[in-house]
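A.B. asks: Pasted the sequence and its predicted model underneath.
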Amino acid sequence: MSDGTAADGTAADGTADRHRPGAEDRPPVPAGRPADPVTVLIDRYRRLCGRAVDPLEIAAGLEAVGVTDRVAARFRHRDVFSLAEELHARVPRDDGPGGADGPGGADGPGVTDGPTGACVPAGTGGRGVRAGRRFLRGCRAAGRYLLPGAACAGAAVVLPGAVAVGHGPRALLPYAAATVVIAAALALCLRRGPLRAPGGGRADGALCTGWLLGFAVAGGDLLAVLLGAPRPARPFSSSALTVLTALALAVGPAALSARRFAARAAAQLGRSRGLEEFAAGVRPLFAAATAAFGLALAALLAAAHLLAAHLLAGRSVPAGVLAGAAALGILLFLARLLAVHGFPGAGAAACAAACAAEAAALAVAGLHRLPAVEPRLRPVAEFLHDLGPGGVQAAACGSAALALAAGACRVLARASAHRAAAGAGPAGPPASPLPKELFT
């Protein structure tokens, strides 16, 4: 160009444009490096930058391929967020479907409201209409999250009398029907809202969740029978169904905690000026979200304990069963939170480990009377008898939840785990990694 400036905005003397975002805080250009190294990122990740809603999405995408503040310094930026701001400013926006300038966007003729993308014209009644729609959406969401608890409460009331239906396999038909209804209500809650996982979740995670919930309902009685207790009259006890109702009602607090955590993490992403600062701010938010859900679950279990003591003629829920249900609820919440933020494998592995521990306990209880292995398994069987059915579940799910919480505290502190909360659309992660020499 005639004014001594290159086409990409770099001055002819090898210095970058001072008006570019973050240019005033850059270190000097190292010897032997190109005058504008950011063009390497622009060429590699033009699609990501062009479809990004804001610089935060670009920062999360770069962080997903290992770009740290140290790597950003090689591009003459103080941190990844400053580098993302320049990429967002220099790459033209993609105005395709879902872009920033689409209908109802920043330059659209109206305000987009709701998942359908309906555009509410700006006018006198626009704010009231949007408030009314938000209220209706909130009512629908509240009703949706109450469905699993309502189904479990109905099962707890109806199923104790289902033994009169018949004997043998016929007696299990009402329980099978209740299981299908509860599973359908739970699936409805997990397909939409803050508990929806990208891609719909994993099949192995769903199978492990079914095993854990089944053990919470019937595993205690089965373990007791294998250890020598008399066989119960009904497949599922009323106290177990009461605990299952408390766990089902905890879906609502789980959704609320997940939503608040995502919103606060997105706000922290906007305030942070570096990956370390963001990670330090998100860890307390994760601890607060987990603690809030734990308190809500404890309140529901306490209510179930009092309700069972009142309705079941003094036969309250044992403390071990309540502890096991609490550990199971925390484990399922952490697994779903990780799945929502794009890490379903960790939660599925933790649930599988808990399932393996419970299956091992049932196997020991079933084999300890065999003459060939009785001397070796007798101490383990006695330990399981002293621990109790609820203690087995508390130990299995509690240890898995502790390990999963430690991993989630590290994983959810990454900016790339909050791309959806930061407005990430269909751009996806960067297609190709950076050259290895930039990381050395």
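C.D. replies: Now that the structure is in, tell me what you want to look at. Numbering: from 1, shown residues only.
A.B. asks: if I pick Val392, what's in contact with it?
C.D. replies: The contact partners of Val392, by CB atoms under 8 Å, 6 or more residues apart in numbering, come to Gly219, Leu223, Gly324, Ala357, Glu358, Ala361, Leu384. From N, CA and C alone the C-beta is placed, and that goes for glycine too.
A.B. asks: Assign a three-state SS to it, would you?
C.D. replies: helix (DSSP: H, G, I helix; E, B strand; the rest coil).
A.B. asks: State the distance from it to Ala266.
C.D. replies: Going from Val392 to Ala266 by CB to CB, to the nearest Å gives 40 Å.
A.B. asks: just to revisit the earlier point, check the contacts of Val392 and tell me the two furthest apart.
C.D. replies: Gly324 and Leu384 (13.3 Å; CB to CB).
A.B. asks: Between these two, tell me which one has more neighbours.
C.D. replies: Gly324 (29 against 23; other CB atoms under 10 Å).
A.B. asks: tell me the SS of the more buried one?
C.D. replies: Per three-state DSSP, Gly324 ends up helix.
A.B. asks: wouldn't it be in contact with Ala216 here?
C.D. replies: Yes - shown here, Gly324 and Ala216 form a contact pair, counting by CB atoms under 8 Å, at 6.8 Å.
A.B. asks: Common neighbours of the two, please.
C.D. replies: Shared contacts of Gly324 and Ala216, counting by CB under 8 Å, 6+ apart, come down to Gln393.
A.B. asks: Where do the strands of the protein begin and end?
C.D. replies: Ranges of strands in the chain, per DSSP state E, are 110-113, 118-121.
A.B. asks: Mean pLDDT lowest where, among those strands?
C.D. replies: Of all the strands of the chain, strand 110-113 carries the lowest average pLDDT, namely a mean of 39.
A.B. asks: got the end-to-end distance for stretch 307-317?
C.D. replies: 9 Å (CA to CA, to the nearest Å).
A.B. asks: please renumber so the chain begins at 662
C.D. replies: From this message on, residue numbering opens at 662, which makes the last subject stretch 968-978.
A.B. asks: Report the rounded mean pLDDT for it.
C.D. replies: Mean predicted lDDT for stretch 968-978 stands at 67.
A.B. asks: just stretch 744-764 next, same as before
C.D. replies: 61.
A.B. asks: Please determine how far Glu724 is located from His738.
C.D. replies: In terms of CB to CB, Glu724 sits 14 Å off from His738.
A.B. asks: so where's the stretch 962-1101 of the chain uncertain?
C.D. replies: 972-977, 1080-1101 (pLDDT under 70).
A.B. asks: Quick one: the helices in it, in order.
C.D. replies: Here the stretch 962-1101 of the chain has its helices, by DSSP state H, counting those that start in this stretch, at 980-1001, 1005-1028, 1035-1072.
A.B. asks: what packs against the second one?
C.D. replies: In other words, helix 1005-1028. Packed against helix 1005-1028, as judged by 3 or more CB pairs under 8 Å, 6 or more residues apart in numbering; DSSP states H and E, are the following elements: helix 864-875, helix 881-887, helix 980-1001, helix 1035-1072.
A.B. asks: quick revisit: of the contacts of Val1053, which is the most crowded?
C.D. replies: Most neighbours among the contacts of Val1053, by other CB under 10 Å: Gly985, with 29 neighbours.
A.B. asks: And for that one, nearest residue in space, chain neighbours not counted?
C.D. replies: Using CB to CB, 6 or more residues apart in numbering and skipping the chain neighbours, the partner closest in space to Gly985 is Gln1054 (3.2 Å).
A.B. asks: so how far is Arg853 from the residue nearest to the spatial centre of the chain?
C.D. replies: Central residue of the chain (CA atoms, centre = their mean): Leu998, 1.5 Å from the mean position. The spacing between Leu998 and Arg853, counted by CB to CB, is 16 Å.
A.B. asks: just to revisit the earlier point, how near is the residue nearest to the centre of the chain to Ala987?
C.D. replies: From Leu998 to Ala987 the distance is 17 Å (CB to CB).
A.B. asks: pretty sure Leu1048 contacts Ala1056?
C.D. replies: Yes - Leu1048 is within contact range of Ala1056, at 7.0 Å (criterion: CB under 8 Å).
A.B. asks: If you count surrounding residues, which of those two has more?
C.D. replies: Using other CB under 10 Å as the criterion, Leu1048 and Ala1056 rank with Ala1056 on top: 19 against 16.
A.B. asks: and that one, what does it touch?
C.D. replies: Ala1018, Leu1048.
A.B. asks: hang on, the earlier thing: from what I can see the residue nearest to Gly985 touches Leu883, true?
C.D. replies: No - counting by CB under 8 Å, Leu883 is not a contact partner of Gln1054; they are 12.0 Å apart.
A.B. asks: who's more crowded, these two?
C.D. replies: Neighbours were counted for Gln1054 and for Leu883 using other CB under 10 Å; Gln1054 has more, 29 against 18.
A.B. asks: Against Ala987, how distant is that one?
C.D. replies: Distance, Gln1054 to Ala987, using CB to CB: 10 Å.
A.B. asks: What of Gly789?
C.D. replies: 43 Å.
A.B. asks: Please say which of those two ends up with more neighbours.
C.D. replies: Ala987 (24 against 9).
A.B. asks: Tell me if I'm right that Thr906 and Ala817 touch.
C.D. replies: Yes - the criterion here is CB under 8 Å, and Thr906 meets it with Ala817 at 5.5 Å.
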